[in-house]
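J.: Everything below, folded, please.
(chains A, B and C, ligands or ions: 3)
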Amino acid sequence: MSTLALISDDSKRRIDREIAKYPADQKQSAVMAALAIAQDQHGWLSNAVIDEVAQYLGMPTIAVYEVATFYNMYNLKPTGKCKITICTNLPCALSGGVDAAEYLKHKLGVDWRETTADGNFTLVEGECMGACGDAPVLLVNNKRMCSFMSNEKLDQLIAELT
Amino acid sequence: MVNLEIDGKAVSVESGATVMEAANKIGTFIPHFCYHKKLSIAANCRMCLVQVEKAPKPLPACATPATEGMKVQTSSEYAKTAQQGVMEFLLINHPLDCPICDQGGECQLQDLAVGYGGSASRYQEAKRVVVNKNLGPLISTDMTRCIHCTRCVRFGQEIAGVMELGQAGRGEHSEILAFVGQTVDSELSGNMIDLCPVGALTSKPFRYTARSWELSRRKSVAPHDSLGSNIVVQVKQDRVMRVLPLENEAINECWLSDKDRFAYEGLNSDDRLTRPMIKQGGQWVAVEWQQALEFVAHGLKDIKASHGAESIAALASPHQTLEELFLLNKFIRCLGSNNIDARLRQADTSADGNVAGARWLGMKVAELSGLQSVLVVGSSLRKEQPLIANRLRQAAKKGLQLNIVHVADDELLIKVANIAVVAPSALPATLAAVVKALAELKGGKLDNAVADLINGATTSAEATAIAKSLADKQKTAVLLGNLARHHPNSAALHALGQEIARLSGGAFGFLGEAANSVGAEAIGATPGSEGLCAQGMVSKPRKAYLLLGVEPALDCYNAHATIAALKSAELVVSLATFKGDVADYATVALPIAPFTETAGTFINTEGTVQSFNGVVKPLGEARPAWKVLRVLGNLLELPGFEQESVDAIRKEIAPDLQAFVNLKLNNTMSNAAVTMDKPRGGIERIGEVPIYAADALVRRASSLQKTVDAKNAKRIFLASDVAAEQGIVDGADVRVTQGNASVVMQAKLDARLAAGCVRVAAALPETSALGPMFGTVTLEKIAMAAAAE
Amino acid sequence: MAAIAKPLDYGPDAIILKGLDGNNWRLKDYESRGGYQALKKILRDNVKPEEVIAEVKKSALRGRGGAGFPTGLKWSFMPRSFPGAKYLVCNSDEGEPGTFKDRDIIRYNPHILIEGMIIAAYAMGIAVGYNYIHGEIWADYDRFEEALEEARAAGFLGEKILGAEFSFQLHAFHGYGAYICGEETALLESIEGKKGQPRFKPPFPASFGLYGKPTTINNTETFAAVPYIMREGGDAFLSLGKPNNGGTKLFSMSGNVARPGNYEVRLGTPFAKLLEMAGGMRNGKKIKGVIPGGSSMPVIRGDVMMSTDMDYDSIAKAGSMLGSGAVIVMDEDTCMVRAAERLAYFYYEESCGQCTPCREGTGWLYRVIHRIEHGLGRQEDLDLLLNLADQIQGRTICALGDAAAMPVRAFVKNYREEFEYHISHKHCMVGPGGYSTSPAIESLAMAAE
Ligand SMILES: Cc1cc2nc3c(=O)[nH]c(=O)nc-3n(C[C@H](O)[C@H](O)[C@H](O)COP(=O)(O)O)c2cc1C
Ligand code: SF4
Ligand code: FES
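T.: Ligands and ions are numbered 1, 2, ... in the order given. All right, here's what the predicted structure looks like:
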């Protein structure tokens, strides 16, 4: 069998912790976590990585691929160093979400799903993040949520991340 | 039972049944796409929405349980509106390319759109376009046409046992696809084409060759394995264009294996023999039938006169029709010889005379579904019996314990309860161990014939687990597969398998090799005590051979020896559908019609008599073999060759053929003085028949030959220990030597193979220089430079 | 997460989010607020599971996830003596635009949820539970894991809880960006490691749920209300609200209000009062429309809303639904076509793709509104939209189809003149942009610094 070279030992340990949450015959329940962990390690999910996750969990590769393509937060292509997902849904839009998005597009010189020339930022239009009261809201690399993003705060953030 | 009313008609169904099932019961059609009686309920297409009294919204008939007193309207205004709404949605992103779509004329969407669609679409936005996928040599795709019913995906997961297709993405962006770069390799994949209600998945070999309304449809029986799947052969201008399943719940249900579905390509192969040929002065010349037949008659007469009738032998393919086998048998016996056999790959005939009748499944195919524990010995299952494997797969989901004794832990896509993987030479001892363990569990007395075999046996954990599984369950069976039948100690395996079945109180049977393996034995196309068996005819070469549908280098146990024997003969008459390498060894080649060009009968593994008619005219000068044999009989002035039709031959066999066959079905072996060879040592060859090499037709089905299964068969698979000992790595070229013959093959490591073994398939041109299907081989790594030469 | 210094003000009647300052989320803080007393009492006094369920029934607690189904009744559907596993699942996947209440429970008062789930598990004889947490709130997921660790260490979770013959394991599950997983059966599929595609019902989760086993699913806020009910009694909870509408409810106020945020008020509180708590309309603008229960619910005209109370029955009477309690307030500068377009886009993007009317219909709805918004509309489009909404609603596997259809229908019906203006003038009635653009950052934002 193959050696699963793309999933690091540390990632395997983390995946095993997730597997332990579920009944012994339900390893598949850990697939979303496993993909997230693999994405943490690589920044995105290549087909080779998806294939290894499938092997690790004993699932058909296409079943893992189905999952990876269903949920928005998996990156199936490489992104810039920072993927910025900004919510433009109605509640956010009413409180400046779209304006913040426009400001960022302008500032970074990219449109949705594009990456800046220096490879630093990819801008993604997000759907509701469950934080509408904090609009404008954005996520950096899926994990860091930034709230009340006025233009000044956007400037600060970009400066910090560059 | 639950009583309900559908469109005013009363119907009662089992509790738990759906409205759709209730409607089907009374013949009420409810439009649908995703529903399929053999698949899980998805309820995703919403085409089957019906009106249910008191329900606040239309309900999908396919998923709604029937309840007592329910009143359903399937075509009220309310139901129709819902159905038409769904139809409109289905069509907005469906291309209107019916004129160039292969599904045209047999498209559920097209059919229903006529009844439920509007005349003009209100949709004026851009349509979705989906890129096409390459799913391999058998399935052609046009994914823009997909309506997301997921039947294909569910088929893979639930029936084929392997998820090769999935629905990736979300919402309108969802697409049916295989994982990047992968194809659909299941041996049942063609069923997805039938299941697809639109033209998204169509047949690649059939693509663009005919419109469905140009085809005439004729019933027939598939000739490729012992199941005898019922088929519909579709014909255009006297050419077979396509084969589809004909539903028969007792046999193939609604499915067809890819082998049965796509092998028809071989019928139209360039390799067809279309004229009688005679070798004159080392040259093949085409001749008229009359000349060829007279040549054969004279030749046989001369040889009989100069060497005696016993110097004449006949080998018949068990894929030939019952009527042909019967006439050949009659012909050879009338000539005065008893040398006839259709068991071409059976090495061990020591049990001949001790087996009570024709070896068969020992039960009905449908009864497999109700088994609770089964022991399958020496079978690749999926590859030799794709649909029987599916029966067992479905039964396993309901609790059947599948026990295996085999030479490899092949991926069966069925949950296996216990498995013992041993080298071919250790198979008898392993079964002996199971018998021993069973005897200990059950405390019964052993049959004398096997008592000796058991005495020396040592039980193993696997053997004990298998014995326990059989002992614990009520409905059990022991089934021997092809490898057990071809095995050099097949008599011992027979005796031991029978003893396991006896001790566990279950059925005993053979999975069966060919379309007419049962038929050949039932009508006695076997030598009996007086004649030579297939192996005997090779080891004691004859002066004249009659071959009926046989490709000797591919169909026989020992290809090397068989060819040598033929080459030493004075006269070799080949009644053949294909040229193949007939020029190498034959004196005369007589073109005979394949199953689509003649009427005939196959008796399948459960003993069911299935007769069929020809669906097209014989190609070129080809003639049905029964006619050829009849004329030969006449030319030789043999008595009883006046049959005017296949029907007359059938009547001659028995007025009631099914009753006749029923009496013949009997696996019981008695008074057997069975022995086992000692394990040999050395590297053992496992020489199975690959799925797409089993008969002459399938060998010429070009699309099947492009499958992963066909390609893999050409490699030598090495058990881990063998590879390690010999220092052979994946992809290396290896010289395989058996006896004094050798071939070069590409290596593939296979950790699931029994230790000490290599898998070198039989029935392939690539390996036909080698000897017996089993036995020892030596390996030699070929240096890169030498290989490149 | 920025530390918040001053007390979080969720309103004077708060019981779930009472006494929080953003930092006092730990076990000891929760216990000092009376936390885990309900559980201890149940286990100490050997309260019968049926009695727990009876108390919850009495409280008239209705599911806070959207449908408002009576919680006690739902719990009573669980087969009592089922051989084999049963599961308890908490739905913290809030992704319904406008809803952000469960996040505050998880990050500021996680133990109230854990205690509620333990009591629920006890009441239904369940040994394993999962909390499915929305993908985007990563830090809050981590916090919940931490809270679980605390609860395990203190013996509130695990084998033989507090020495009683009752064991319960609780795990966190992290979503990864799919709104549909808020639908309960999609959520179960997701926990099973599949795409989140809803299942056809029946069978319902109570008979065929997670891994095919009986399962009860409730919203975060629903569980969080349980400790109070068991500590103070069902009657006490009921009396906080109105008959058939027991207790307090968290309302997520968003849009053009001065102080967006969560407010916990008694059910039956007038909307006008709630708006006032949220600081009134931002910049003193006029109220134009309100979506009172999350983006899936029909929009109501501002004037109607100003005279409506916030409870399940009153909102229903006004022509909408309380849903998850997400109140999206739109002022006079909001273009209703643009608003409808954005919501239609959301449902189009989030449709799981499984069933035909939703997969095909959401895209159609969106494209038509998009055309209208971009000046390419036709008069017949409005009837087409209404008809398409009819063809979707009630014909899909799950309620996302309804959720996509209802807002479109209400926007077109309630603001038809604005749509017509768009079509005939090929531009917007309220001016460029379509949304009031002044940022909302007035109150909490300052506090968060
Ligand atoms: C499309 C859709 C999205 C939903 N999203 C959520 C959600 O984010 N959170 C939630 O608690 N319930 C959501 N629900 C409702 C759940 O299906 C379910 O009714 C609820 O979790 C039950 O909990 P409750 O009885 O406590 O309300 C959603 C339903 C639908 C149809
Ligand atoms: S209504 Fe939409 S989200 Fe729900 S099952 Fe159907 S396609 Fe999926
Ligand atoms: S056949 Fe019932 S929904 Fe498809």
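J.: Is B:Val572 in contact with B:Ala544, as I believe?
T.: Yes. At 7.3 Å, B:Val572 and B:Ala544 qualify as touching, with contact defined as Cβ atoms under 8 Å. (Glycine included, C-beta is placed from N, CA and C.)
J.: which residue sits closest to the closest residue to ligand 3 within the stretch 101-250 of chain C in space, ignoring its chain neighbours?
T.: Nearest residue of the stretch 101-250 of chain C to ligand 3, counting by Cβ to the nearest ligand atom: C:Phe200, 8.3 Å away. Nearest in space to C:Phe200, with sequence neighbours left out and distances taken as Cβ to Cβ, 6 or more residues apart in numbering or on different chains, is B:Ala43 at 4.2 Å.
J.: Confirm that that neighbour sits in a strand.
T.: No. B:Ala43: not assigned to a strand; according to DSSP: H, G, I helix; E, B strand; the rest coil it is coil.
J.: Burial check on the residue of the stretch 301-450 of chain B found nearest chain A, number of neighbours?
T.: Of all residues in the stretch 301-450 of chain B, B:Leu413 sits closest to chain A, with a separation of 10.9 Å (Cβ to the nearest Cβ). Residue crowding around B:Leu413 was assessed by other Cβ atoms under 10 Å in any protein chain shown; the count is 19.
J.: ok, now A:His42?
T.: 17.
J.: tell me the contacts of it?
T.: A:Leu6, A:Val49 (Cβ atoms under 8 Å, 6 or more residues apart in numbering or on different chains).
J.: got a pLDDT number for it?
T.: Predicted confidence (pLDDT) for A:His42: 96.
J.: gap between it and A:Ser8?
T.: Here A:His42 is placed at a distance of 9 Å from A:Ser8 (Cβ to Cβ, to the nearest Å).
J.: Strands of the chain, start to end?
T.: In the absence of a named chain, this looks at chain A. A:82-87, A:121-126, A:138-140, A:144-146 (DSSP state E).
J.: That was the other one, I meant chain C.
T.: Under the criterion DSSP E, strands of chain C are mapped to C:87-92, C:128-133, C:169-174, C:215-219, C:248-255, C:261-266, C:269-270, C:287-291, C:300-301, C:309-310, C:326-331.
J.: Present those strands as JSON lines; the columns should include distance to B:Leu446 and mean neighbour count.
T.: JSON lines is the format used below for these (distance: least, Cβ to Cβ, whole Å; neighbours: other Cβ atoms under 10 Å in any protein chain shown):
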{"stretch": "strand C:87-92", "distance to B:Leu446": "51", "mean neighbour count": "27"}
{"stretch": "strand C:128-133", "distance to B:Leu446": "51", "mean neighbour count": "24"}
{"stretch": "strand C:169-174", "distance to B:Leu446": "52", "mean neighbour count": "20"}
{"stretch": "strand C:215-219", "distance to B:Leu446": "53", "mean neighbour count": "26"}
{"stretch": "strand C:248-255", "distance to B:Leu446": "77", "mean neighbour count": "28"}
{"stretch": "strand C:261-266", "distance to B:Leu446": "80", "mean neighbour count": "25"}
{"stretch": "strand C:269-270", "distance to B:Leu446": "86", "mean neighbour count": "18"}
{"stretch": "strand C:287-291", "distance to B:Leu446": "81", "mean neighbour count": "26"}
{"stretch": "strand C:300-301", "distance to B:Leu446": "86", "mean neighbour count": "19"}
{"stretch": "strand C:309-310", "distance to B:Leu446": "83", "mean neighbour count": "24"}
{"stretch": "strand C:326-331", "distance to B:Leu446": "77", "mean neighbour count": "29"}
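J.: Now render those as CSV, adding distance to B:Ala467 and mean pLDDT.
T.: As requested, the strands of chain C are exported to CSV (distance: least, Cβ to Cβ, whole Å; pLDDT from 0 to 100):
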stretch, distance to B:Ala467, mean pLDDT
strand C:87-92, 38, 98
strand C:128-133, 37, 98
strand C:169-174, 39, 98
strand C:215-219, 40, 98
strand C:248-255, 64, 96
strand C:261-266, 66, 96
strand C:269-270, 73, 96
strand C:287-291, 69, 97
strand C:300-301, 73, 96
strand C:309-310, 71, 96
strand C:326-331, 64, 96
